[in-house]
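Asker: I need the structure of the sequence given here:
(one chain, ligands or ions: 2)
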Amino acid sequence: MEISPSILSADFSNLLAEVKKVERAGVEYLHIDVMDGHFVPNITIGPVVIKCLKDRTNIPFDVHLMIEDPDKYIKDFVESGAKNITVHQEACVHLDRTIQYIKSMGIKASVALNPATSLGTLKYILPYVDIVLIMTVNPGFGGQKFIDVMYEKIKELSTIRKKRALKFKIEVDGGININNIKDIVLAGADIIVAGSSIFGCGDPEVNIINLREAIK
Ligand code: DX5
Ligand code: ZN
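Answerer: Residues are numbered from 1 along each chain as shown. Ligands and ions are numbered 1, 2, ... in the order given. Here you go, the predicted model:
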């Protein structure tokens with residue numbers, strides 16, 4: 001299991017120090033939630049802030065774009081240091097074109113699904129994506145409750161991957177904590193995004209150790 005801590009719940013007045021805490025814990029990605037106030041009802045950060053972290057940490061940036069018309073900004077996020085860019089199926093009119101465009105930049109290209117969006121919408125893109133991100137809360141905010149019916153969706157995606165012998169990873173985002181992480185991994189998750197359960201209280205380094213322990 002890989003961990004991608006979401007900085008959405010970090011102390012933004014001390015962002016680099018927060019990133020250093022999870023870097024010490026040894027995580028596989030740094031999850032950066034970009035929201036535009038249109039696709040989701042919240043506004044966060046953009047390439048200018050992300051670029052400030054580039055060259056200050058060796059954690060690969062996992063950039064989750066919750067924005068309309070993502071094609072317009074992909075180049076900016078690549079220049080800011082993104083190693084993976086995730087776009088929402090619901091935000092892309094030409095998803096195949098967007099995925100190929102991200103790949104042409106030499107980074108990983110991934111797609112996210114909102115809780116109510118069916119896996120069937122990804123049928124013809126699955127062979128081309130590096131990661132499928134299953135949203136297990138409605139995107140826009142940290143600290144929400146995991147939607148239980150999403151276990152079924154993760155399992156179904158894992159079965160499809162096996163049947164079609166595909167290689168994409170399954171990333172799960174929203175409401176993950178020490179009490180449900182094991183079931184989520186057992187359902188088929190390879191990459192776990194956690195915001196409030198890492199940065200929300202206590203020591204992020206200890207919280208990551210506890211999350212890894214909880215799946216044993
Ligand atoms: C929500 C974001 C998540 C969020 C997760 O729209 O995509 O990455 O930060 O936060 P928690 O882990 O608190 O649900
Ligand atoms: Zn996210």
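
Asker: can you pull out the strands in this structure?
Answerer: 2-5, 30-35, 61-66, 82-88, 108-113, 131-135, 169-173, 191-194 (DSSP state E).

Asker: got the contact list for the nearest residue to Asp96 once chain neighbours are set aside?
Answerer: Ranked by C-beta to C-beta, 6 or more residues apart in numbering and with sequence neighbours excluded, the top spatial neighbour of Asp96 is Ile125, at 6.0 Å. C-beta here means a position set from N, CA and C on the backbone, and glycine is covered the same way. Counting by C-beta atoms under 8 Å, 6 or more residues apart in numbering, Ile125 touches Leu95, Asp96, Ile99, Val111.

Asker: what's around the first one, how many residues?
Answerer: Going back to what we said before, that points to Leu95. 20 (other C-beta atoms under 10 Å).

Asker: still on that earlier bit, out of the contacts of Ile125, which are inside helices?
Answerer: Those of the contacts of Ile125 mapping onto helices are Leu95, Asp96, Ile99, per DSSP state H.

Asker: and the protein, which residues reach ligand 2?
Answerer: Asp33, His64, Asp173 (C-beta under 5 Å from the ion).

Asker: pretty sure the last one contacts His64?
Answerer: This points to Asp173. Yes. Counting by C-beta atoms under 8 Å, Asp173 does reach His64; the two are 7.0 Å apart.

Asker: any shared contact partners between these two?
Answerer: Joint contacts of Asp173 and His64 (C-beta under 8 Å, 6+ apart) are His31, Ala112, Leu133, Val193.
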